[in-house]
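Peer 1: next comes the sequence, and after it the predicted model I'd like to discuss.
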Amino acid sequence: MLEIRELNTGYGKKQVLFGLSMEVRKGDVVALIGPNGAGKSTVLKAVCGLIPTWNGTIRFDGTTTNGSTPAQNVARGITFAPQGNRVFADLTVMENLEIGGFQFPRRELRPRIDQIIEMFPILKDRSKQDAGNLSGGEQQMLALARALVAKPKLLMLDEPSLGLSPNLVRSVFDKIVEINQDTGISVLIVEQKVREVLRVCKRVYSLKLGKLAFDGTPEELQDDKAKLKELFL
């Protein structure tokens with residue numbers, strides 16, 4: 001589904017990723033972990049076209065996407081839920097969802113939203129409320145729902161647990177698993193809550209100073225405290 005080969009990129013003159021190669025197979029949940037500043041979010045931004053590829057290749061569903069705009073990548077089936085400001089606080093829940101389907105004609109958009117909102121009953125009950133009045137967990141569910149409106153083949157999530165209580169973190173990750181299993185959408189998650197993301201992913205990559213430090217299964221890391229400490233030092 002997604003192939004990254006020898007990727008070099010960064011911001012301005014500052015290089016952040018150095019020869020990164022990784023992949024996400026169709027239908028898999030893949031985790032990208034590592035310490036702050038390792039380049040994890042930069043991977044997602046490069047894949048969705050927010051920053052340019054300096055060298056190397058990004059291929060999605062068999063097509064090279066180097067130089068593509070974010071809108072072109074959304075049309076191909078890539079959606080990205082960034083960390084931090086998850087929703088448009090001054091817009092209603094429904095308006096947030098409509099933004100997620102900006103590329104659809106109006107006649108197609110509402111049936112699509114109705115289909116997605118059935119997966120998030122709590123949003124259905126709050127569709128006319130301003131998104132800024134939702135709880136942190138509800139806002140994260142809205143961010144997930146909005147990303148799904150675009151009919152993605154690949155859903156990329158940047159720290160979906162950020163700012164949430166432990167109980168809400170588990171609920172969000174359970175919903176991610178449900179989405180993956182019910183729809184077959186591939187998922188790439190950047191996450192600091194390592195134990196939680198290892199519970200739901202099929203493969204895990206770890207970055208350190210912009211380079212690949214680990215590529216393997218979650219089982220290889222779950223009980224290896226020494227290895228996890230090494231990856232995050």
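Peer 2: Cool, the structure landed. Numbers count the residues shown, from 1 in each chain.
Peer 1: where does this structure have its least confident helix or strand?
Peer 2: Here the helix or strand of the chain ranked lowest by mean pLDDT, DSSP states H and E is helix 225-232, holding a mean of 83.
Peer 1: so what touches that one?
Peer 2: Contacts with helix 225-232, where a contact means Cβ atoms under 8 Å, 6 or more residues apart in numbering, come from 33-35, 194, 206, 208, 213-214, 220-221. From N, CA and C alone the C-beta is placed, and that goes for glycine too.
Peer 1: what do you get for stretch 13-25?
Peer 2: 1-10, 30, 32, 39, 42-43, 46, 54, 56, 154, 186, 188, 203, 205, 207, 209-212, 215.
Peer 1: now it: mean pLDDT?
Peer 2: Taken as a whole, stretch 13-25 has an average pLDDT of 96.
Peer 1: kindly report the same for stretch 160-171.
Peer 2: Here stretch 160-171 scores 84 as its mean pLDDT.
Peer 1: is residue 11 bridged to anything, and to what?
Peer 2: Beta-bridge partners recorded for residue 11 (DSSP bridges): residue 14.
Peer 1: give me the neighbour count for it.
Peer 2: Residues within reach of residue 11, counting by other Cβ atoms under 10 Å, total 10.
Peer 1: which other helices and strands does the lengthiest helix in the chain contact?
Peer 2: Taking DSSP state H as the criterion, the chain has its longest helix at helix 166-183. Contacts defined by 3 or more Cβ pairs under 8 Å, 6 or more residues apart in numbering; DSSP states H and E place helix 166-183 against strand 29-33, helix 136-149, strand 186-190, helix 194-200.
Peer 1: turn those into TSV, columns for mean neighbour count, distance to residue 18 and mean pLDDT.
Peer 2: TSV is the format used below for the helices and strands packed on helix 166-183 (neighbours: other Cβ atoms under 10 Å; distance: least, Cβ to Cβ, whole Å; pLDDT from 0 to 100):
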stretch	mean neighbour count	distance to residue 18	mean pLDDT
strand 29-33	24	15	96
helix 136-149	22	29	88
strand 186-190	25	18	96
helix 194-200	18	23	90
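Peer 1: about what we covered before: return the longest helix of the chain as PDB; C-alpha atoms alone will do.
Peer 2: In PDB, the C-alpha atoms belonging to helix 166-183 read as follows (Å, rounded to 0.1, in the frame of the first residue of the first chain):
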ATOM      1  CA  PRO A 166      -5.600   6.500  30.200                       C
ATOM      2  CA  ASN A 167      -9.200   5.300  29.900                       C
ATOM      3  CA  LEU A 168      -9.900   7.600  26.900                       C
ATOM      4  CA  VAL A 169      -6.600   6.500  25.300                       C
ATOM      5  CA  ARG A 170      -7.700   2.900  25.400                       C
ATOM      6  CA  SER A 171     -11.100   3.800  23.900                       C
ATOM      7  CA  VAL A 172      -9.500   5.700  21.000                       C
ATOM      8  CA  PHE A 173      -7.200   2.800  20.200                       C
ATOM      9  CA  ASP A 174     -10.100   0.300  20.400                       C
ATOM     10  CA  LYS A 175     -11.900   2.500  17.900                       C
ATOM     11  CA  ILE A 176      -8.900   2.500  15.600                       C
ATOM     12  CA  VAL A 177      -8.800  -1.400  15.700                       C
ATOM     13  CA  GLU A 178     -12.500  -1.500  15.000                       C
ATOM     14  CA  ILE A 179     -12.100   0.800  12.000                       C
ATOM     15  CA  ASN A 180      -9.300  -1.300  10.600                       C
ATOM     16  CA  GLN A 181     -11.100  -4.600  11.100                       C
ATOM     17  CA  ASP A 182     -14.500  -3.400   9.800                       C
ATOM     18  CA  THR A 183     -13.200  -1.400   6.800                       C
END
